[in-house]
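sequence first, predicted model second:
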Amino acid sequence: MYRIIDKKGMGKTGRLLLLAKENDGIVVCANPIKTREQAHHYGLTGINYISYTDYFECLCGYANDELLANRKIFIDEIDVFLSLCSSDIAGYTLSLE
């Protein structure tokens, strides 16, 4: 599993986009349109994007999205993603090794 941990504004999303491109993955993000525009700014095309909400719907079986089948998933802003999973999540740990 890739972990990109850095301060705000240091290119974390750009690095995640590059990994998604290299691995034919899907980027799960808050705003797919904005993230696609950001990827184009980096010169990256051909990446698939899905919103957090659409991803949850696929996981729960509300949507049958073949796009996700056998694909690596790259989540942008994991803390935002977790807060959407449940408003009760108040913290988490992260091991770097």
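Done, it's in. Numbers count the residues shown, from 1 in each chain.

ok, and the closest non-adjacent residue to D79?
Excluding the flanking residues, the one nearest D79 by Cβ to Cβ, 6 or more residues apart in numbering is Y92, at 7.9 Å. Bear in mind the C-beta positions are built from the backbone N, C-alpha and C, glycine included.

looking at this, the one you found is in a helix?
No. With DSSP: H, G, I helix; E, B strand; the rest coil as the criterion, Y92 is coil rather than part of a helix.

how close does it sit to S86?
Separation of Y92 from S86 (Cβ to Cβ, to the nearest Å): 12 Å.

then Y55?
15 Å.

which of the two has more neighbours?
Y55 (21 against 8; other Cβ atoms under 10 Å).

three-state assignment of the more buried one?
helix.

neighbours around the nearest residue to it once chain neighbours are set aside, how many?
Here the nearest residue to Y55 in space, its sequence neighbours aside, is V28; by Cβ to Cβ, 6+ apart that works out to 4.7 Å. V28 is flanked by 25 other residues according to other Cβ under 10 Å.

wasn't V28 part of a strand?
Yes. Using three-state DSSP, the assignment for V28 is a strand.

quick one: pLDDT of it?
pLDDT recorded at V28 is 96.

and it, what are its bridge partners?
I50, I75 (DSSP bridges).

can you give me the distance of the residue nearest to D79 to T45?
33 Å.
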